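Peer 1: here is a sequence with its predicted model. Questions after.
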Amino acid sequence: MALTISAASTVDRAEEILTPEALAFIEELHLRFAATRGDLLKARAVKREEVARTGRLDFLPETRGIREGDWRVAAAPAALQDRRVEMTGPAAPAKMAINALNSGAKVWLADLEDASTPTWPNVIESILNLRDAAAGTLAYTSPEGKEYTLRTDAPLAVVVARPRGWHMSERHLLIGGEPTVGALVDFGLHFFHTARQLLENGQGPYYYLPKMESHLEARLWNQIFVFAQDYLGIPQGTVRATVLIETIPAAFEMDEILYELRDHASGLNAGRWDYLFSIIKYFRDAGPRFVLPDRATVAMTAPFMRAYTELLVKTCHHRGAFAMGGMAAVIPNRREPDVTAQAFEKVRADKTREANDGFDGSWVAHPDLVPVCRDVFDAVLGERPNQLDKQRQDVSVTADQLLDIASADGTVTEAGLRLNVYVAIAYTAVWISGNGAVAIHNLMEDAATAEISRSQVWQQIRNQVVLADTGRTVTRELVSGILAEETAKLRGEVGEDAFAKHYLPASKLIGDLCLSEDYTDFLTTPAYELVG
């Protein structure tokens with residue numbers, strides 16, 4: 001069974017990445033691990049159906065021994081000891097990659113997942129940029145002649161790459177005529193082309209692992225790491241992984257996930273936006289007590305979100321792993337000082353709460369916010385690189401607390417419904433145009449935003465929610481009308497060419513997803529079919 005590259009895959013400099021040796025590695029990864037990945041995706045669906053029937057999730061009785069056991073993950077390498085501020089963003093184009101590396105952040109989450117549309121040029125350029133960054137040669141000259149180079153006056157951010165989630169396929173690399181696994185392509189190409197160089201640099205191949213739903217999925221990643229290190233003759237434990245706890249079932253398996261990856265684990269991250277998406281998705285048909293208020297009103301101080309983040313800090317520090325805070329979505333606008341001042345204040349408040357709760361660092365989505373986050377954590381950490389010593393023995397979280405969605409303040413409004421429809425269309429349009437990180441209304445949005453938005457609409461229709469501000473009931477007819485109105489609004493904002501090419505197909509897709517009797521697990525799966 002041979003790996004083939006699809007006819008539509010011609011990309012500049014692709015031959016530097018798609019070498020025979022690299023493709024042989026990808027093929028080996030696929031043949032060894034793709035079937036297990038398929039089984040695990042099927043297991044997700046089975047568990048979700050059970051939860052839909054019972055409206056209940058709980059800690060696993062069969063893994064009680066792991067939760068109560070005395071074990072710790074491997075000590076972090078020197079390059080990952082201090083993670084007080086992490087810059088996030090796509091690994092392509094090169095200008096953005098260079099700005100992230102030069103941002104002053106301790107870590108750059110180089111995103112091949114939610115902040116990146118997996119067009120073939122984006123996939124190839126991302127790996128090229130990360131390879132060249134590891135070699136210290138990444139540079140870019142704009143059409144206007146402006147040069148971007150890696151700084152030499154201060155340390156560059158340490159790269160932690162995020163491959164695609166298990167659900168995504170890669171249609172440009174085929175085995176037996178079938179698409180390969182996107183996560184294995186992203187990890188495999190990055191690992192193959194950077195691992196040895198990163199070791200020479202005193203670092204290593206480090207990863208953020210997204211959207212996992214069980215410790216068995218973490219076990220698969222661990223098996224992949226073991227195999228990959230042996231394949232390249234790299235010492236076991238060189239790979240380090242931070243897992244995003246961004247699904248509700250994973251919140252019940254934090255200990256188990258760290259245990260499965262314990263020789264390669266670096267920490268857990270509170271992936272807050274995808275976490276909200278997961279709650280909506282998981283309990284979409286479990287009744288009105290799982291209906292969230294308007295997205296913009298769900299704060300991290302909501303009791304069920306506090307339970308999630310405090311459990312994450314306690315679990316991580318008990319196991320010697322880092323607890324990483326979530327994304328600050330607000331971004332400054334250099335043309336609007338008032339917007340920038342408000343963004344700084346919101347980020348400062350958010351990061352202060354995280355630092356005081358015991359997090360070891362947190363995420364920002366814009367270079368101008370790096371100093372804000374750094375200052376907050378500097379004030380708490382002082383000279384310490386982290387606060388693993390803050391054990392949070394005061395925290396005790398129950399299943400009921402994690403599932404107490406009804407405690408969230410706020411209501412469902414028509415204004416919120418309209419915003420959900422608008423944002424879902426606007427983001428999806430830009431995503432299918434090839435850009436996965438989008439500023440909308442001074443918020444840096446990625447795929448999680450659109451997922452929350454369209455999922456809330458589906459759930460509100462299902463539960464016939466009555467809107468607090470207008471008294472209208474959310475029906476397919478109401479949503480169809482709002483969809484048409486918000487689409488027309490976007491048409492007036494973006495121009496006819498962009499509208500016809502990207503926004504009209506995005507509107508149709510969002511309409512299909514929101515109005516269908518059946519729920520689609522991931523927006524990006526059908527959206528991928530619209531990508532050129």
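Peer 2: It's in. A quick note: this is a predicted structure, and the numbers were derived from the prediction, not measured.
Peer 1: gap between stretch 497-510 and the chain center?
Peer 2: Its chain's average C-alpha position is 24 Å from that of stretch 497-510, according to Cα atoms, centre = their mean, to the nearest Å.
Peer 1: try stretch 273-282
Peer 2: With Cα atoms, centre = their mean, you get 12 Å for stretch 273-282.
Peer 1: residues making contact with it?
Peer 2: 48, 51-52, 57, 114, 210-211, 244-249, 251, 290, 292, 295, 298, 305, 308, 326-327, 329, 405, 446, 448-449, 451-452, 455-456, 459, 519, 521 (Cβ atoms under 8 Å, 6 or more residues apart in numbering). Placement of C-beta: from N, CA and C, glycine included.
Peer 1: among these, which lie within helices?
Peer 2: Those of those mapping onto helices are 48, 51-52, 248-249, 251, 305, 308, 448-449, 451-452, 455-456, 459, per DSSP state H.
Peer 1: report the buried members of these.
Peer 2: 48, 51, 248-249, 251, 305, 308, 448-449, 451-452, 455-456, 459 (16 or more other Cβ atoms under 10 Å).
Peer 1: quickly name whichever of those is closest to R219.
Peer 2: Top of the list for closeness to R219, among those and by Cβ to Cβ, is P249 at 14.8 Å.
Peer 1: my read is that that closest one contacts H215, right?
Peer 2: No. Applying Cβ atoms under 8 Å, one finds P249 not in contact with H215, separated by 9.9 Å.
Peer 1: which residues touch H215?
Peer 2: By Cβ under 8 Å, 6+ apart, the neighbours of H215 are T63, E253, E256, I257, Y259, E260.
Peer 1: spit out the contact partners of the second one.
Peer 2: Pointing back at E253 there. Per Cβ under 8 Å, 6+ apart, neighbours of E253: F59, L60, T63, S214, H215.
Peer 1: give me the residues contacting the worst-scoring helix or strand of the chain on mean pLDDT.
Peer 2: Ranking every helix and strand in the chain by mean pLDDT, DSSP states H and E puts strand 443-445 at the bottom, with a mean of 71. With Cβ under 8 Å, 6+ apart as the test, strand 443-445 has contacts from M327, A329, V330, I331, A365, H366, V423, Y427, A437, V438, A439, T449.
Peer 1: filter the residues you listed to the buried ones?
Peer 2: Of the contacts of strand 443-445, these count as buried by 16+ other Cβ under 10 Å: M327, A329, V330, I331, A365, H366, V423, Y427, A437, V438, T449.
Peer 1: and the two most separated of the residues you listed?
Peer 2: H366 and V423 (18.6 Å).
Peer 1: next one: L41 relative to D255, how far apart?
Peer 2: Plainly put, L41 is 23 Å away from D255 if you go by Cβ to Cβ, to the nearest Å.
Peer 1: more neighbours, the two?
Peer 2: Neighbour comparison, L41 and D255: the larger count goes to D255, with 23 against 14 (by other Cβ atoms under 10 Å).
Peer 1: if I read this right, the more buried one contacts K314, doesn't it?
Peer 2: No. Shown here, D255 and K314 do not form a contact pair, counting by Cβ under 8 Å, at 10.2 Å.
Peer 1: could you pull out the strands for the stretch 1-150 of the chain?
Peer 2: Ranges of strands in the stretch 1-150 of the chain, per DSSP state E, counting those that start in this stretch, are 3-5, 85-90, 107-111, 139-141, 147-149.
Peer 1: equivalent analysis for the stretch 151-300 of the chain, please.
Peer 2: Using DSSP E, counting those that start in this stretch, strands in the stretch 151-300 of the chain cover 158-162, 169-175, 178-181, 206-209, 240-245, 265-270.
Peer 1: which of the buried ones among the contacts of strand 443-445 lies closest to G358?
Peer 2: Closest to G358, out of all of the buried ones among the contacts of strand 443-445 and judged by Cβ to Cβ, is M327, at 18.2 Å.
Peer 1: contacts only, for A424.
Peer 2: A450, S453, R454, V457, I510, C514, L523.
Peer 1: count the neighbours of the first one for me.
Peer 2: Which is A450. So A450, with other Cβ under 10 Å, has 30 neighbours.
Peer 1: same check on the second one?
Peer 2: S453 is surrounded by 28 other residues when neighbours are defined as other Cβ under 10 Å.
Peer 1: can you show me the helices along the stretch 51-200 of the chain?
Peer 2: Ranges of helices in the stretch 51-200 of the chain, per DSSP state H, counting those that start in this stretch, are 64-68, 94-101, 120-135, 182-200.
Peer 1: nearest approach to A2 belongs to which of these?
Peer 2: Nearest to A2 among the helices of the stretch 51-200 of the chain is helix 182-200; the distance by Cβ to Cβ comes to 15.7 Å.
Peer 1: just want the angle from the closest one to strand 169-175.
Peer 2: Using axes from the mean of the first three to the mean of the last three Cα atoms, to 10 degrees, the interaxial angle of helix 182-200 with respect to strand 169-175 works out to 80 degrees.
Peer 1: which parts of helix 182-200 are buried?
Peer 2: Buried-residue list, helix 182-200, by 16+ other Cβ under 10 Å: 182-196, 198-199.
Peer 1: got it, and stretch 67-76?
Peer 2: V73, A74, A76.
Peer 1: contacting residues for the first one?
Peer 2: Contacts for V73 (Cβ under 8 Å, 6+ apart) come out as L258, L261, R262, D263, A265, S266, R319, G320, A321.
Peer 1: mind redoing it with 6 Å?
Peer 2: Under the criterion of Cβ atoms under 6 Å, 6 or more residues apart in numbering, the neighbours of V73 are L258, R262, A265, R319, G320, A321.
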